[in-house]
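>>> No sequence on hand, only this structure:
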Ligand SMILES: *Cc1c(COP(=O)(O)O)cnc(C)c1O
């Protein structure tokens, strides 16, 4: 397709329907396809293996990450599981220590029993990459969840040895950061978040430039079967068209809110890579186009009263939608991490995570002001 990001986001995989000229191609709500003779068909035989609506989405997803290939899954977690399925019993995974709670649960409570070993390290210092002989995968998120640490993807890629480097790029979105260009082998998204952008679907995707990895992922996609429905593929694809404008608004609002919080007496600490005092600010400047829509902070006050007073922010898990959400990691998104381990990682009961939406920033700040006063 070519063109700049905004143009690719709108046109990739979105060519008009060749049959009717419909500018928005139809949703192929279908499970199976007629064959002219046994094994002779138009490229589709069964929708778990491939579906025209999913194929269009996958072309768009690949374009956004500057990747050759993309495979769409039924959720971000299903996409993560597909990557783990590439490993063998006895293999070791080195992961960042500030991770999506569901990723940690998948590693520890599902895949560990199939003979994979997992270790966690603070990868915001690349010197913490210590590989074992059997390390086959390095797994990281940046910005991290929920502490918004920044990991230097290129520095980790330089230390990956024979291991594959997978980057969960959900928090940044492809508009802000493209890990494959920085040396990653695989990029993962929960398209539930910024790609979909409207909190109305669950989806995931993996992108890569490596044809062999792609073939293996396609095989897992079809064989394990965690595929997204054509309707959900359509919704993600529709969301992608406005990704650039939404991300600009998310970033602009988030910076304003981070600055407001940093100056507020009831806020003990703000985590936002766009603030100059953030330890990852310089790396973020280099590897991201802007600093994202997620802001976390330590509240010096009554957390329950804070959440109860919010009106514009909705108390809910998830992120990346047009509406602002507030989350309490210790009891919500990160509750599946044992308390001791959670606190060791810096996720205290006073931590609040905001997914800053694209409402008017003054309404968001007034809402926070009221809630902080009540805290
Ligand atoms: C939500 C999320 C996931 C999991 O995605 P689902 O679509 O909920 O399965 C993985 N990583 C990150 C960073 C997420 O925010």
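Received it, and whenever you're ready, just let me know what you need. This structure is a prediction, so every number in the text was calculated from the model and none was measured. Numbers count the residues shown, from 1 in each chain.

>>> Give me the local confidence score for residue 1.
Note on residue 1: pLDDT of 61.

>>> Phi, psi for the residue of the chain found nearest the ligand please.
Here the residue of the chain nearest the ligand is residue 76; by CB to the nearest ligand atom that distance is 2.2 Å. Where C-beta positions appear, they are placed from N, C-alpha and C, glycine not excepted. Per-residue torsions, residue 76: phi -60, psi -40 (degrees, to the nearest 10).

>>> which SS class is the residue nearest to residue 366 when sequence neighbours are not counted?
Nearest in space to residue 366, with sequence neighbours left out and distances taken as CB to CB, 6 or more residues apart in numbering, is residue 312 at 8.0 Å. Secondary structure, DSSP: H, G, I helix; E, B strand; the rest coil: residue 312 is coil.

>>> Quick check, residue 312 in contact with residue 364.
Yes - counting by CB atoms under 8 Å, residue 312 touches residue 364, with 6.0 Å between them.

>>> Of these two, give the one with the bigger neighbour count.
residue 364 (23 against 18; other CB atoms under 10 Å).

>>> Pull the residues that contact whichever strand or helix holds the more buried one.
Per DSSP states H and E: residue 364 is located in helix 361-374. If you take CB atoms under 8 Å, 6 or more residues apart in numbering as the criterion, helix 361-374 is touched by 252-253, 256-257, 260-261, 264, 266-267, 299, 301-302, 305-313, 324, 356-357.

>>> quick one: which of the residues you listed sit in strands?
Among the contacts of helix 361-374, the ones falling in strands (DSSP state E) are 267, 299.

>>> if we can go back for a sec, find residues that contact each of residue 312 and residue 364.
With CB under 8 Å, 6+ apart as the test, residue 312 and residue 364 both reach residue 324.

>>> Output the set of residues of the stretch 251-375 of the chain in proximity to the ligand.
Within the stretch 251-375 of the chain, not a single residue sits near the ligand (CB under 6 Å from any ligand atom).

>>> Show me the helices in the stretch 251-375 of the chain, by range?
281-287, 303-309, 339-344, 361-374 (DSSP state H, counting those that start in this stretch).

>>> same question, the stretch 101-250 of the chain
So, for the stretch 101-250 of the chain - with DSSP H, counting those that start in this stretch - the helices run 101-105, 153-157, 173-176, 211-224, 230-240, 243-262.

>>> Give me the nearest residue to residue 290, chain neighbours excluded.
Nearest to residue 290 is residue 251, by CB to CB, 6+ apart, at 4.1 Å.

>>> Near that neighbour, how many residues? Count them for me, please.
So residue 251, with other CB under 10 Å, has 20 neighbours.

>>> Touching, it and residue 288? I think so.
No - with contact defined as CB under 8 Å, residue 251 does not count as touching residue 288 (9.4 Å).

>>> who touches both of these two?
Contacts common to residue 251 and residue 288, judged by CB under 8 Å, 6+ apart, are residue 176.

>>> Need the contact partners of the helix or strand of the chain with the lowest mean pLDDT.
Least confident element among the helices and strands of the chain, by mean pLDDT, DSSP states H and E: helix 339-344 (a mean of 88). Residues outside helix 339-344 that contact it (CB under 8 Å, 6+ apart) are 330, 334.

>>> Buried residues, it. List them.
Residues residue 342 are the ones in helix 339-344 that count as buried (16 or more other CB atoms under 10 Å).

>>> and if you look at stretch 86-96?
86, 87, 91, 92, 93, 94, 95, 96.

>>> what about residue 231, neighbour count?
12.

>>> thought it was touching residue 29?
Yes - in terms of CB under 8 Å, residue 231 counts as a neighbour of residue 29; the distance is 6.9 Å.

>>> Sketch out the low-pLDDT regions of the stretch 251-375 of the chain for me.
Counting by pLDDT under 70, the stretch 251-375 of the chain contains no low-confidence segment.
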